[in-house]
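In: I'll drop the sequence and a predicted model, then ask my questions.
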Amino acid sequence: MAELDLIATTTFGLEAVAKRELLSLGYNDLNVSDGRITFKADLEGIPRANLWLRSADRVLLQLGEFKALTFEELFEKTRALPWDQWITKKGKFTVNGKSVKSKLYSVPDCQAIVKKAVVEKLKEKYQVEWFEESGPDFTIQVALHKDMATLTIDTSGPGLHKRGYRQTGGEAPLKETLASAMVQLSFWNKDRLLLDPFCGSATIPIEAALIGRNIAPGLNRNFASEEWPVPGKDIWKKERVKAFHAIDHDTPIRIIASDIDEKAIKTAKENALQAGVDDCIEFYVKPFSQVQLKEKYVVVVTNPPYGERMGSIKEINNLYKEMGRIFKKEPTWSIYVLTPEEKFEQLYGAKAHRRRKLYSGDIKVDYYQFYGERPPGK
């Protein structure tokens, strides 16, 4: 089979992180745009990207991209694509859609046209008039942007943030993909201690431990394309075995996760055990102001409480002020804080070295980065 065009979709602001991950996997032919990175890969790229990408949302297989100004044009060009190479005779397929700044603005109509075109293509292949759709899932997307139609099949199934280790998310869960990106953007490495003093269900500490142990984040879950005849179970098995062999069981890793909520810590411990990294993380029930460390070069990565449902505005503001008073006493600590509070720097009492705009779900947030002194020789 010829080289594939795959798309790693991301939350806005995480494209550079996902690009770096793809480069580390050996993919160099990359095209980055808002919310997506297109890359060339062989069949192994489907399981490899799904298993290893930490900050991407999904991995899509691009079947085609073309200009479509009329429904007839959309139908004919969609029917010409090689759907029969991927979708089985009993395959169950649905069509999702979106349209931005395009003449074909009716998404339901575009979805219906694409569905009809795919059915016609499969009728030619399998010589049947009716499909029972009792087999593997194939989720097709038609995305129109400025009259350009991109047709894809979702190889992932549930979003890549669903790692399989989180039992419950707590009141304000942070997506695993964003938590992993926060750790990667902090440039933490496993030689240094990482602290999350507002750990909640421990998403940040667990994602850091997965990085430190070099554990592929998708090892504990299944993917839609595992049930497809192509790439096939043998290729999926080979990539899973490679990922298992890549795990670093020996390097000592120290991560501290604390929270004032005893119930949250109990859940966090269960999540860490499920993820297989409970030996990397020390858990404590205590206010962040009581976390005392002997280590000098600490990296703090955290998503502190915010919003009225997490406490009164006055309480939250006082918390941010206290964070500044305590953390500024540690010039060798590097502090990374994710919050939607636009006045965070003012409350914290210092201007961040860098402020990166991100999104946590539908909430616009900022990632404030305060750099501490580097360890000697670094």
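Out: Sure thing, it's come through.
In: average pLDDT for stretch 29-43, rounded please.
Out: Taken as a whole, stretch 29-43 has an average pLDDT of 96.
In: likewise for stretch 232-249?
Out: Rounded mean pLDDT across stretch 232-249 is 97.
In: may I see the buried residues of that stretch?
Out: If you call a residue buried by 16 or more other Cβ atoms under 10 Å, then stretch 232-249 has these buried ones: Ile235, Trp236, Glu239, Arg240, Ala243. C-betas here are computed from N, CA, C, even on glycine.
In: can you list contacts of that stretch?
Out: 43-44, 46-48, 51-52, 212-216, 219, 225-226 (Cβ atoms under 8 Å, 6 or more residues apart in numbering).
In: PyMOL command for the buried members of the residues you listed?
Out: To isolate the buried ones among these in PyMOL, judged by 16+ other Cβ under 10 Å, type:
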select buried, resi 43+46+47+48+51+52+212+213+215+216+219+225+226
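In: what distance separates stretch 92-102 from the middle of the whole chain?
Out: The chain centre lies 22 Å from the centre of stretch 92-102; the measure is Cα atoms, centre = their mean, to the nearest Å.
In: I'd say Thr155 and Leu43 touch.
Out: No. Judged on Cβ atoms under 8 Å, Thr155 makes no contact with Leu43 at a distance of 10.9 Å.
In: so Ile206, which of the three states?
Out: helix (DSSP: H, G, I helix; E, B strand; the rest coil).
In: check contacts around it.
Out: Tyr165, Glu176, Ala179, Asn271, Ala272, Ala275, Val277, Ile281.
In: ok, 10 Å please
Out: When contacts are counted by Cβ atoms under 10 Å, 6 or more residues apart in numbering, Ile206 touches 163, 165-166, 176, 179-180, 196, 199, 215, 217, 255, 257, 268, 271-272, 274-278, 280-281.
In: now do Lys125
Out: Listed by Cβ under 10 Å, 6+ apart, the contact partners of Lys125 are Pro82, Trp83, Asp84, Gln85, Ile87, Lys89.
In: could you list the low-pLDDT ranges of the stretch 51-200 of the chain?
Out: Along the stretch 51-200 of the chain, the model assigns pLDDT under 70 to residues 168-172.
In: mind redoing it with 80?
Out: Low-confidence segments of the stretch 51-200 of the chain, defined by pLDDT under 80: 167-173.
In: and the helices in the stretch 101-250 of the chain?
Out: Counting by DSSP state H, counting those that start in this stretch, the stretch 101-250 of the chain has helices at residues 107-126, 176-186, 203-213, 233-245.
In: among these, which is nearest Ile140?
Out: Smallest distance to Ile140 across these (Cβ to Cβ): 6.5 Å, for helix 107-126.
In: buried ones in stretch 129-140?
Out: Buried residues in stretch 129-140 (16+ other Cβ under 10 Å): Phe131, Gly135, Pro136, Asp137, Phe138, Thr139, Ile140.
In: with only the CA atoms kept, save that stretch in PDB.
Out: In PDB, the C-alpha atoms belonging to stretch 129-140 read as follows (Å, rounded to 0.1, in the frame of the first residue of the first chain):
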ATOM      1  CA  GLU A 129     -27.600  -3.400  -2.500                       C
ATOM      2  CA  TRP A 130     -27.900  -3.500   1.300                       C
ATOM      3  CA  PHE A 131     -25.200  -3.400   4.100                       C
ATOM      4  CA  GLU A 132     -26.000  -4.900   7.500                       C
ATOM      5  CA  GLU A 133     -23.300  -2.800   9.200                       C
ATOM      6  CA  SER A 134     -22.600  -5.300  12.000                       C
ATOM      7  CA  GLY A 135     -18.800  -5.200  11.700                       C
ATOM      8  CA  PRO A 136     -16.000  -2.800  12.800                       C
ATOM      9  CA  ASP A 137     -16.700   0.900  13.300                       C
ATOM     10  CA  PHE A 138     -15.600   3.400  10.700                       C
ATOM     11  CA  THR A 139     -16.300   7.100  11.500                       C
ATOM     12  CA  ILE A 140     -16.000   9.300   8.400                       C
END
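In: may I ask which helix or strand encompasses Glu342?
Out: For Glu342, there is no host helix or strand (DSSP states H and E).
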